[in-house]
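Participant: Okay, predicted coordinates and the sequence, questions at the end:
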Amino acid sequence: MQLDDLGGDPGLEFVIDAFKRADPTGERAGRIFRATFDQLYDGQRTGRYRWDQLFKTEKTHYGTLIEINLRREFDDILDDGEVLDFRVSDYELDCKYSFRFGGWMIPPECFDQLLLVATANDQTSEWGLGVVRASEAHRRRGVNRDGKSGLSKLGTTNIHWLHWGAELPPNVLLQVPVEVQDAIFRPTSGQQRVNQLFRLVSGRRIGRNTVATVAQQDDYMKRVRENGGARSALAPEGFIIPGGDFESHRMIARRLGAEVPQPGEFVSIRLVPASEDDPFVVELDGMRWRTGGANEWKGSRAPSLPTTRR
């Protein structure tokens with residue numbers, strides 16, 4: 001549904017426009033969905049990284065957390081509502097989350113009001129955020145014992161999706177085969193687990209929370225750095241680990257044609273000496289390097305990464 005199809009609903013149009021201006025690409029909201037999953041997993045203390053590892057009560061808590069986290073992230077457009085969860089200028093709206101599409105429950109106080117409906121699935125790495133008015137035509141006829149209803153088929157088709165099928169920032173532990181997951185978590189040492197993570201999951205963005213989940217230690221970032229961390233341990237095997245907090249590291253990843261880590265992320269890249277004709281080459285320590293596979297590596301130690309952020 002486009003803005004021209006809003007049927008003369010100024011509140012709906014105003015809220016949609018506010019979110020579109022505040023987060024046109026969905027980067028902010030996507031980051032919040034990722035952070036909310038990670039908040040529930042609490043991987044640094046528990047080692048969990050999957051939805052099915054959560055207790056039922058924790059799963060039901062996701063809706064409360066996403067409401068709180070969206071309110072904090074979008075405080076430039078959202079205020080607390082007097083009756084409903086949020087207020088955008090003069091228009092109130094309620095935040096509803098459902099893991100299952102169409103599973104949003106609407107209490108009587110939300111009838112005919114604006115809803116910010118959310119859904120996210122870490123397994124498929126997708127999320128959606130939309131706005132709809134819970135009008136009589138958009139609600140199911142029946143109600144449950146608490147007087148709650150749900151969106152009708154017409155209601156779900158009339159959700160104006162701010163973002164739909166958007167990609168979550170990666171949870172790489174879910175995206176690798178089970179045997180790789182097992183190999184990462186097999187060592188008893190947190191440092192060895194982090195080494196395994198960057199050894200076995202190369203060429204993909206790895207967030208700090210993944211490192212924390214694997215290390216399960218307070219000083220988990222130390223497990224990545226030089227001076228005894230994964231960068232030192234894996235350099236003899238040809239690996240560099242650029243970090244997204246350094247523009248110089250992001251530039252190296254771009255030049256190598258690898259995934260570029262964003263702030264708070266890393267990417268492990270195995271290097272081999274490059275020839276004159278190779279594309280995607282970077283010069284480090286006075287030599288030319290390219291990304292190479294495990295079968296191409298001939299024992300060359302990885303070069304040092306720049307220590308400057310620019």
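Facilitator: Nice, thanks for sending it over.
Participant: could you pull out the strands for the stretch 151-300 of the chain?
Facilitator: If DSSP state E, counting those that start in this stretch is used as the criterion, the strands of the stretch 151-300 of the chain fall at 160-167, 205-207, 239-240, 265-267, 269-273, 282-284, 287-291.
Participant: Over to the stretch 1-150 of the chain?
Facilitator: 79-80, 86-88, 91-97, 105-106, 114-121, 126-133, 149-150.
Participant: Show me the contact partners of the third one.
Facilitator: Under the criterion Cβ atoms under 8 Å, 6 or more residues apart in numbering, residues 11, 14-15, 62-63, 66-67, 70, 81-87, 104-106, 110, 113-120, 131 lie in contact with strand 91-97. C-beta coordinates here come from the backbone N, C-alpha and C atoms, glycine included.
Participant: residues in contact with stretch 278-288?
Facilitator: Contacts of stretch 278-288 (Cβ under 8 Å, 6+ apart): 240, 252, 255-257, 273-275, 289-291, 303-305.
Participant: Next, format those as JSON lines and append neighbour count, pLDDT and distance to Gly147.
Facilitator: Formatted as JSON lines, the contacts of stretch 278-288 follow (neighbours: other Cβ atoms under 10 Å; pLDDT from 0 to 100; distance: Cβ to Cβ, whole Å):
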{"residue": "Ile240", "neighbour count": "26", "pLDDT": "97", "distance to Gly147": "59"}
{"residue": "Ile252", "neighbour count": "24", "pLDDT": "97", "distance to Gly147": "58"}
{"residue": "Arg255", "neighbour count": "15", "pLDDT": "96", "distance to Gly147": "60"}
{"residue": "Leu256", "neighbour count": "23", "pLDDT": "96", "distance to Gly147": "58"}
{"residue": "Gly257", "neighbour count": "15", "pLDDT": "94", "distance to Gly147": "57"}
{"residue": "Pro273", "neighbour count": "15", "pLDDT": "95", "distance to Gly147": "70"}
{"residue": "Ala274", "neighbour count": "19", "pLDDT": "94", "distance to Gly147": "68"}
{"residue": "Ser275", "neighbour count": "9", "pLDDT": "92", "distance to Gly147": "72"}
{"residue": "Trp289", "neighbour count": "26", "pLDDT": "97", "distance to Gly147": "65"}
{"residue": "Arg290", "neighbour count": "19", "pLDDT": "96", "distance to Gly147": "64"}
{"residue": "Thr291", "neighbour count": "21", "pLDDT": "96", "distance to Gly147": "59"}
{"residue": "Pro303", "neighbour count": "17", "pLDDT": "95", "distance to Gly147": "66"}
{"residue": "Ser304", "neighbour count": "12", "pLDDT": "94", "distance to Gly147": "65"}
{"residue": "Leu305", "neighbour count": "19", "pLDDT": "94", "distance to Gly147": "60"}
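Participant: Between the residues you listed, which sits nearest Thr124?
Facilitator: Proximity of those to Thr124 (Cβ to Cβ) peaks at Gly257, which lies at 26.6 Å.
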